[in-house]
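**Q** coords please:
(2 chains)
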Amino acid sequence: MNKTAQTGVVLTDIRKSFGNVDVIHGINLTIAEGSFVVFVGPSGCGKSTLLRMIAGLEDVTDGEIAINGRDVTDLDPSERGIAMVFQSYALYPHMSVRDNLAFGLKMARTKANEIETRVNSAASILKIDHLLDRRPGQLSGGQRQRVAIGRAIVRQPDVFLFDEPLSNLDAELRVSMRIEIARLHRELGNTMIYVTHDQTEAMTLADNIVVLRNGRVEQQGSPREVYEDPNNTFVAGFIGSPRMNLLDATWTGQDHIDLAGRKIRSPLAAQSPQEGEKITFGIRPENLAVTQEGNETIPATVDFAEYLGGTQYLYCQLDDGQPLVAEYRSGPPIETGSRIGLSCAATHHRIFDTTGTRVR
Amino acid sequence: MSTARKRRANGALRGLAAYHGAGIIIALFFLAPLAITFLASFRHGTEARQPALPPWPTNGFSLDSYRSLDTFGAGIWQHTLNSLAVSLATVVLTVAVSLLAGYGFSRYRFPLKNVLFVLVIATLMIPFQSILTPLFIILAKLGLSNSLIGLTLVYVTLQLPFSVFMMRNAFDAVPKEIEEAARIDGARDLRLLIRVLLPLVLPGVATVAIFAFLNAWNEFLAALVLLSSNEKYTLPVLMMAVRAGRLGAINWGAVQAGVAVMTIPCLIVFLALQRYYMRGLMAGAVK
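**A** Below you'll find the predicted structure:
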């Protein structure tokens, strides 16, 4: 019971199964009050299910959910102090924007003048004052999403839940709505839980990222921690675009690894693998320096060069056939088929053992 | 350049004329029987036995046919009221039951749901004439034979399979998120159904209402079999009496007047609800 005394959202050993299929396998998670947490993961990892369980739209098979010290596991969605913004907006098409915003308050039998105050204040925060008398059908996608967020704001919830709210918007609108949501979080200061598969959204919005896979938490941490200090090959490969290069290598002992026939110094602080043990060597494309082929570098052949204006992505092959991507920013353009040398500072090396777990 | 433009304009005009001309001709074909019936119902009593052409009154308008229609059975008003009572009660009950059933089939998970639904739909394949005798016996046991309430219950029963099917489809077309948003907003059960979902399935409700009204209003066989006293007959049964005539002579004027009386409520119901009805039929056609 001590756990429920905490503020914020606390999930204790949450499990969910649909029939015989377990989709969430005992998740323990503490989300601090006022923080912006993003759940990311590939599709089918259970991130939306987890959010819907917090919302109360999905029953909890086992475990406990507490919001601001109150056990809400068996409460109705409307009694949990949450508000949710859906991917498809889910506005009531037969009501005006004003009625859409006011509906929840009317259901809670709030006084009419209080409803008016809250609706007007939410509308001015989101700059939708002039749309209040329109129907959702007469609004653009971005305006609809604002109304959906407005509907959440008027409820003055403890926790905002966002289920991929920007996926239906075009790229430009997505960027501006993202900034809007960040501003909203700064202004309102509520706890926000946000589900997305878009890494940019996750990295830019979150104080805290929770990476999920197959109904389990793979890592929880700040965007920087998750990006720079991944706990395993899954997180390393999932966060970042293009993804981290994960290459097969061998630990040769004395702080050295053998990668495609070259010896590379890679000191580890705490533990070391056994000599001769197979390892996975991780390096981000932007941490690879592209130079002339030489003794001190890892030789590679450029299969394909992708020109993106400020930078070039080189899709290469090491001499043992392993594929690898390198980011190349300055210098003369590199042609397909050319031989290059790659080097990288030891601080950027990430070593994983055969099970994919990070060795530090 | 200008001749080309003129030619194009002429072509467009010809196309438009052909389009509307064809439309008008087809509309005439459909409207002619209605017009003939209405016009013929205003002919003088003496004219009524004459050849049908021309269909309009040649000796001035008269309400003779409507007056003579009133001499059949218990009077046209009584039978119209019977028909209206049965049809409206059928509409209300059918809509109420199919709304709840459609919602249940669409949104709740329960054992044997699909089997039950298929069973409900399968009853559409049973010709209702074949169960008229059992229905008659059941109604007699319930003390509802020769009663408009009994007839209404039979109509509702016959109407329900199609209506439940229709309402389930209507609810299936409503995105689940809207319902979930309403649940988060605190709307539950009946309030959720009436405040949020009902307006969204209104096209389905209109379709169900139209079909229930038309079928109950026009139904003849069950009314003839299940009702036995003169003052309880509905309009279709009265029309049979009018059509049968007296001493072998058919009063065509009264028949036309009866057809006119029977058509008007159908037209009103259809015109009032057709906007929703068309939407209901097209729901799910384009996603």
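**Q** which stretches of chain B aren't confidently modelled?
**A** B:1, B:48-52, B:245-248, B:279-287 (pLDDT under 70).
**Q** tell me, what residue is most central in it?
**A** What sits nearest the mean C-alpha location of chain B, by C-alpha atoms, centre = their mean, is B:L214, with 1.8 Å.
**Q** tell me the phi and psi of it?
**A** phi -60, psi -40 (degrees, to the nearest 10).
**Q** got it, and A:D248?
**A** Reported as degrees, to the nearest 10, the phi and psi values for A:D248 are phi -70, psi 130.
**Q** what does the stretch 51-200 of chain B put close to chain A?
**A** Within the stretch 51-200 of chain B, the positions adjacent to chain A are B:175, B:177-178, B:180-188, B:191, B:195-196, B:199-200 by C-beta under 8 Å from any C-beta of the partner chain. Every C-beta, even on glycine, is put in place using the N, C-alpha and C of the backbone.
**Q** Filter the residues you listed down to just the ones in helices.
**A** B:177-178, B:180-184, B:191, B:199-200 (DSSP state H).
**Q** Going through these, which ones are buried?
**A** Taking 16 or more other C-beta atoms under 10 Å in any protein chain shown as the criterion, what is buried in these is B:177-178, B:180-184, B:200.
**Q** For A:L161, which non-adjacent residue is spatially closest?
**A** When the adjacent residues along the chain are set aside, A:L161 lies closest to A:M84, with 4.3 Å between them (C-beta to C-beta, 6 or more residues apart in numbering or on different chains).
**Q** pretty sure the one you found is touching A:A152, no?
**A** Yes: the pair A:M84 and A:A152 passes the contact test of C-beta atoms under 8 Å, sitting 6.7 Å apart.
**Q** More neighbours: which of those two?
**A** Shown here are A:M84 and A:A152; by other C-beta atoms under 10 Å in any protein chain shown, A:M84 has more neighbours (30 against 27).
**Q** Just confirm the more buried one is within a strand.
**A** Yes: per DSSP: H, G, I helix; E, B strand; the rest coil, A:M84 lies within a strand segment.
**Q** Domains of the chain: list them as residue ranges, please.
**A** Picked chain A for this. Here the domain parsing of chain A from automatic domain parsing is A:3-237, A:243-359.
**Q** wrong chain, I was asking about chain B
**A** B:2-65, B:74-282.
**Q** which of these sits most buried?
**A** domain B:74-282 (a mean of 18; mean count of other C-beta atoms under 10 Å in any protein chain shown).
**Q** ok so, going back, which residues sit in contact with the spatially closest residue to the residue nearest to the centre of chain B that is not a sequence neighbour?
**A** Counting by C-beta to C-beta, 6+ apart, B:L214 lies nearest to B:C266, which is 5.9 Å off, once chain neighbours are set aside. Counting by C-beta atoms under 8 Å, 6 or more residues apart in numbering or on different chains, B:C266 touches B:213-214, B:217-218.
**Q** Against chain A, how distant is the closest residue to B:L144 other than its chain neighbours?
**A** With sequence-adjacent residues excluded and distances taken as C-beta to C-beta, 6+ apart, B:L144 is closest to B:G150, at 3.2 Å. Note on B:G150: its distance to chain A, by C-beta to the nearest C-beta, to the nearest Å, is 38 Å.
**Q** To which secondary structure element is B:G150 assigned?
**A** helix B:148-172 (DSSP states H and E).
**Q** how far does that helix sit from the chain's center?
**A** The gap between the average C-alpha position of helix B:148-172 and the chain average comes to 13 Å, counting by C-alpha atoms, centre = their mean, to the nearest Å.
**Q** and that helix, what does it pack onto?
**A** The contact analysis (3 or more C-beta pairs under 8 Å, 6 or more residues apart in numbering or on different chains; DSSP states H and E) places helix B:148-172 against helix B:76-107, helix B:113-122, helix B:132-141, helix B:202-218, helix B:221-226.
**Q** quick check: angle from the second one to helix B:148-172?
**A** Per axes from the mean of the first three to the mean of the last three C-alpha atoms, to 10 degrees, the angle that helix B:113-122 makes with helix B:148-172 is 130 degrees.
**Q** Are there helices or strands packed against helix B:113-122, and which ones?
**A** helix B:76-107, helix B:148-172.
**Q** Tabulate the ones you listed in JSON lines, adding columns for distance to B:N230.
**A** As requested, the helices and strands packed on helix B:113-122 are exported to JSON lines (distance: least, C-beta to C-beta, whole Å):
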{"stretch": "helix B:76-107", "distance to B:N230": "9"}
{"stretch": "helix B:148-172", "distance to B:N230": "13"}
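**Q** Quick one: closest of these to A:S140.
**A** helix B:148-172 (27.4 Å; C-beta to C-beta).
**Q** the inter-axis angle of the closest one versus helix B:76-107?
**A** Relative orientation of helix B:148-172 versus helix B:76-107 (the same axes, to 10 degrees): 40 degrees.
**Q** so helix B:148-172 versus helix B:202-218, what angle?
**A** 160 degrees.
**Q** Output the helices and strands packed on helix B:148-172 as TSV; include the columns distance to A:G46.
**A** Formatted as TSV, those follow (distance: least, C-beta to C-beta, whole Å):
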stretch	distance to A:G46
helix B:76-107	23
helix B:113-122	26
helix B:132-141	53
helix B:202-218	35
helix B:221-226	55
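**Q** and of the ones you listed, who's closest to A:E286?
**A** helix B:76-107 (49.8 Å).
**Q** Distance from the chain centre to the closest one, please.
**A** Counting by C-alpha atoms, centre = their mean, helix B:76-107 comes out at 11 Å from the chain centroid.
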